[in-house]
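>>> Starting from these lines, generate the structure:
(one chain, ligands or ions: 1)
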Amino acid sequence: MSLRGRDLISIRDLSKEEVLSLLASAQKMIPFAEGKRVMHPLANRIVAMGFFEPSTRTRLSFESAVHRLGGSCITIADAAASSMRKGESLSDTIRMLSGYADAIVLRHPNEGAAQLAARASDKPIVNAGDGAGQHPSQTLLDLATMHEAFGTLAGLRVVLLGDLRYGRTVHSLAYALGVLFGVELVLTSPPELRLPAELRQELEKSGTKVTDEPEIRKAVRDADVLYVTRIQKERFGDEGEYRKVAGSYRIDSHILEEAKPRLVVMHPLPRLGEVAPEVDRTPHAAYFRQAFLGVPVRMALLDAILAGAPAAE
Ligand code: NCD
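Residues are numbered from 1 along each chain as shown. Now for the predicted structure:
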């Protein structure tokens, strides 16, 4: 198995063994991500960040990962500041970036953009979110967070709460948990924001146990992990549709009263009102640890894709 030179467009691009190997190497990266130890496997490598949608954690943790590995970044942090604003196509932008860098991390509002970019680029593309599509590196850090908390993924019962329709983090994570690791999934969402039927069928076909539990309290009671998501306002065609579901769920210490003592509450962040700040002080809160783990996980990923690759000739 080698990820060298490969794209990561969808979580489906990785086998279970590849995911486990990335999690193992991410764990070893932690002291390097914390700056306590130093390594430079990406010295003389350049990674381009093409972010055409807002981002805090994903872009900065990828950049931090590149720096911690001794590489350099070139960054488009805002679509409005790039020539895409002048009407340049995504493929032209990517083709050019592939001449400036050894790999490209791409975030784009259109589903399928990363796939399109991979066709335009002769350098590896890492999908950092394509519309309501996929967010595979987020899934790796989500799995790393669960693995760190429980020492395994086997036998967990994971509740996915919130915008399961448009949430790309959920789309990648549900596949990995269900299809790769056989984890039981409980789906809790407003009826308008259910998991896409196609994905649900794929999960069920793989033998994943998937149940709906519209009542948050009931879902929380038996959960090992509660994965909360933000309603993806920017994906709604109609503001009225968004207003119908906005603020329809909130996790607070009251709801957590009946939770298992070891329940882990996760959130890819940013949060709006879905997780009350009071939860931060409980032992359940794992979302800031989760955000930190983005650095060692992305170090492991970039190292696997880029390290040892022949320097540009
Ligand atoms: C998520 C995203 O961009 O899909 N954020 C992230 O990458 N941590 C989740 C979100 O925006 O709600």
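
>>> Shouldn't residue 64 be within a strand?
No - per DSSP: H, G, I helix; E, B strand; the rest coil, residue 64 lies outside any strand segment and is helix.

>>> Which residues of this protein lie near the ligand?
Selection of the chain residues close to the ligand by Cβ under 6 Å from any ligand atom yields 57-58, 129, 135, 138, 168-169, 229-230, 268-269. Every residue, glycine included, has its C-beta placed from N, CA and C.

>>> contacting residues around the residue nearest the centre of the chain?
Of all residues in the chain, the one closest to the mean position by Cα atoms, centre = their mean is residue 138, 1.6 Å from it. Residue 138 makes contacts with 58, 129, 168-169, 172-173, 268, 294, as judged by Cβ atoms under 8 Å, 6 or more residues apart in numbering.

>>> right, and residue 252 touches residue 278 too?
Yes - using Cβ atoms under 8 Å as the test, residue 252 is close enough to residue 278 to be in contact (6.2 Å).

>>> related to what we said a few turns ago, and the contacts of residue 138, which is closest to residue 181?
Nearest to residue 181 out of those is residue 173 (Cβ to Cβ; 10.6 Å).

>>> Just confirm the closest one contacts residue 142, I think it does.
Yes - with the criterion set as Cβ under 8 Å, residue 173 and residue 142 qualify as a contacting pair; they are 5.3 Å apart.

>>> Can you pull the residues that touch both of those two?
residue 227.

>>> Can you check the pLDDT for the residue in the stretch 101-250 of the chain that the ligand sits nearest to?
Evaluated by Cβ to the nearest ligand atom, the stretch 101-250 of the chain has residue 230 as its residue closest to the ligand, separated by 3.9 Å. With respect to pLDDT, residue 230 scores 98.

>>> can I get the residues of the chain next to the ligand in CSV with secondary structure?
Converted to CSV, these look like this (three-state DSSP):
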residue, secondary structure
57, helix
58, helix
129, strand
135, coil
138, helix
168, helix
169, helix
229, coil
230, coil
268, coil
269, coil
